[in-house]
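Student: predicted model and sequence follow; I will ask about them next.
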Amino acid sequence: MGLTTTSGGNISVIDDEKNIWITPSGIDKGSLKPDDIICVKADGTVIGKHKPSSEFPFHRSTYHIRPDIKAVIHAHPPALVSFSIVRDIPNTNIIYQAKKVCGEIGYAPYALPGSELLGEKIAAEFAKGFSAVIMENHGTVVGGSDLSDAFQRFETLEFCARTQIYGSQLGKPRFLSEAMIAEHNTHLQLDFQEMKEVSHPSLEREKRLEICQIVKRACQHGLMKSSYGTVSARWKGNDFLITPNGVPRWDLKPDDIVQIKDGKREPGKIPSLTAFLHQQIYTLHPEVNSIILTQSPYLMAFAVTGVEINVRTIPESWIFLKDMSQLKFGVQHNGSDEVATCISREKPAVLIQNECVVVVGDKLLQTFDYLEVAEFSAKSIVMASSLGQMVPINDEQTEELRIAFLK
């Protein structure tokens, strides 16, 4: 995902016997095998065929000062390094769920890499209750209850940093207040009763697998992260399948997918918190058969600044997307049908400020394609901002496209 380089960064876990298992020093991070991992026992004995990471001291210090932390990740992803070299901290209130995932962010003054002093400075920040720390002129270190928890925190923090940077190239990022987030959270209620019986015919099982494949592809392409993103597909009538709440997207399996039938959810499973929105869209738009709701960094740059996105960049973008609307924060959870009425097969994508992009289509692959085209368009505009003023396809050219491709 571009969060580290071949040689940079290190990962560790601590077991119940206080042994620390850590990545080795000087070994390609892209080809690590289980027997490359080094065990540093509680008494200091080193077991393994390599040297432990040179940053072992701050891993050990973190575990010592915070017994609740069982995994530590450190790396130098570009956006977070950008903050570290200007002596700043990303504002996680740029998207509503990031503060919950990341917590408050600490800041550790510079010290020599691999030194005991660096370990002490980082441990001092973790001692204050932080679970993520920006390291001055260095990178970032995060802790978690396990590796999945730590990875979600690390990935989400880098996403916040990227979004803030990209948004700053377009305008001025707008952050959510604590009151706005608290009010928004009160609407995150699930109204789906549990169905008594459920069946899984072959077509339904095929769609579950397809959803998982699209989610994995979205994660691999940087269009979705492990802590956020929802994909659904109409099954029959207004019944649909949707990704669950609380399951890391990287680890999604077909059995995790939740069936919604006759307005009720599959027994023992909790669907995405946006399931009601998906139900609204399917009910209002019989021509829509799949939905992707996610946070991709360049589209979110527009969503956090309120800057209008003009997709008349190249013919493909306008043909696929037409014009993208942008709605106020919170509309998807306030009980209204504003999102559902704003989106359609003719205008398949809409941005919700500080929250997400929603894309609809016929088949899942088509919907994913629309998402990719939208993100590429947004990226092109952000990158062009350093070159000059964007000159969009004009009205006459747009009408030519309409006649040639849409009639």
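Tutor: Now that the structure is in, tell me what you want to look at.

Student: with just CA atoms, put stretch 116-134 into CSV.
Tutor: The C-alpha coordinates for stretch 116-134 follow below in CSV (Å, rounded to 0.1, in the frame of the first residue of the first chain):
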residue,chain,number,x,y,z
GLU,A,116,17.8,4.3,24.0
LEU,A,117,17.0,8.0,24.1
LEU,A,118,14.6,7.6,21.2
GLY,A,119,12.9,4.7,23.0
GLU,A,120,12.5,6.9,26.1
LYS,A,121,11.0,9.8,24.1
ILE,A,122,8.5,7.6,22.3
ALA,A,123,7.6,5.7,25.5
ALA,A,124,6.9,9.0,27.2
GLU,A,125,4.3,9.8,24.6
PHE,A,126,2.7,6.4,24.9
ALA,A,127,2.7,6.9,28.7
LYS,A,128,0.4,9.9,28.1
GLY,A,129,-2.2,7.5,26.6
PHE,A,130,-1.5,8.1,22.9
SER,A,131,-1.6,5.0,20.7
ALA,A,132,-0.1,6.8,17.7
VAL,A,133,3.0,9.1,17.8
ILE,A,134,4.5,11.3,15.1
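
Student: output the below-cut-off pLDDT ranges for the chain.
Tutor: Residues of the chain meeting the criterion pLDDT under 70: 188-190, 333-335, 407.

Student: from Gly330, how far off is Ala233?
Tutor: 26 Å (CB to CB, to the nearest Å). Using the backbone N, CA and C atoms, a C-beta is placed for each residue, glycine as well.

Student: kindly report the same for His59.
Tutor: His59 is 40 Å from Gly330, by CB to CB.

Student: tell me which of these two has more neighbours.
Tutor: His59 (30 against 19; other CB atoms under 10 Å).

Student: residues contacting the more buried one?
Tutor: The contact partners of His59, taken as CB atoms under 8 Å, 6 or more residues apart in numbering, are Asn10, Ser12, Ile20, Ile22, Ser53, Val72, His74.

Student: the last one is in contact with Thr23, isn't it?
Tutor: No: in this structure His74 lies outside contact range of Thr23 using CB atoms under 8 Å: 9.6 Å.

Student: need the overlap of contacts for the two.
Tutor: Both His74 and Thr23 are in contact with Gly9, Asn10, Ile11, where contact means CB under 8 Å, 6+ apart.

Student: so which of those belong to strands?
Tutor: Asn10, Ile11 (DSSP state E).

Student: and stretch 127-138, what's buried?
Tutor: Neighbour-count burial for stretch 127-138, counted by 16 or more other CB atoms under 10 Å, picks out Phe130, Ser131, Ala132, Val133, Ile134, Met135, Glu136, His138.

Student: how long is that stretch end to end?
Tutor: 20 Å (CA to CA, to the nearest Å).

Student: off-centre distance for it?
Tutor: 21 Å (CA atoms, centre = their mean, to the nearest Å).

Student: now tell me what touches that stretch from outside.
Tutor: Contacts for stretch 127-138 (CB under 8 Å, 6+ apart): 65-66, 69, 74, 76, 80-81, 83-85, 87-90, 102-110, 113, 118, 122, 125-126, 140-144, 153-154, 157.

Student: over to stretch 358-371?
Tutor: Contacts for stretch 358-371 (CB under 8 Å, 6+ apart): 210-211, 214, 217-218, 223, 231, 233, 277, 281, 285, 287-294, 296, 320-321, 332, 339, 343-345, 348-350, 352, 357, 374.

Student: how far does it sit from its chain's centre?
Tutor: That offset, for stretch 358-371, works out to 18 Å (CA atoms, centre = their mean).

Student: list the buried residues of it.
Tutor: The neighbour-count check on stretch 358-371 (16+ other CB under 10 Å) flags Val358, Val359, Val360, Gly361, Leu364, Gln366, Thr367, Phe368, Tyr370, Leu371 as buried.

Student: ok, stretch 93-101 next?
Tutor: For stretch 93-101, the buried set under the neighbour-count rule, 16+ other CB under 10 Å, comprises Asn93, Ile94, Ile95, Tyr96, Gln97, Ala98, Lys99, Val101.

Student: now the closest residue in space to His50 that isn't next to it in sequence: how far from Ser7?
Tutor: Leaving aside its sequence neighbours, His50 sits nearest to Pro24 (CB to CB, 6 or more residues apart in numbering; 3.4 Å). From Pro24 across to Ser7, the span is 11 Å (CB to CB).

Student: of these two, who's got more company?
Tutor: Each of Pro24 and Ser7 has its neighbours counted (other CB under 10 Å); Pro24 has more, 18 against 10.

Student: that one reaches Asp36, doesn't it?
Tutor: Yes: if you go by CB under 8 Å, Pro24 and Asp36 touch, sitting 5.5 Å apart.

Student: need the residues touching each of these two.
Tutor: By CB under 8 Å, 6+ apart, the residues touching both Pro24 and Asp36 are Gly48, His50.

Student: quick one, strands of the stretch 251-400 of the chain?
Tutor: Taking DSSP state E, counting those that start in this stretch as the criterion, the stretch 251-400 of the chain carries its strands at 258-261, 264-265, 290-294, 325-327, 349-352, 356-361.

Student: what strands flank the second one, and is each parallel or antiparallel?
Tutor: The strands that strand 264-265 pairs with in its sheet are strand 193-194 (parallel), strand 258-261 (antiparallel) (by DSSP bridges).

Student: again with the fifth one
Tutor: In the sheet containing strand 349-352, the strands it pairs with under DSSP bridges are strand 325-327 (parallel), strand 356-361 (antiparallel).
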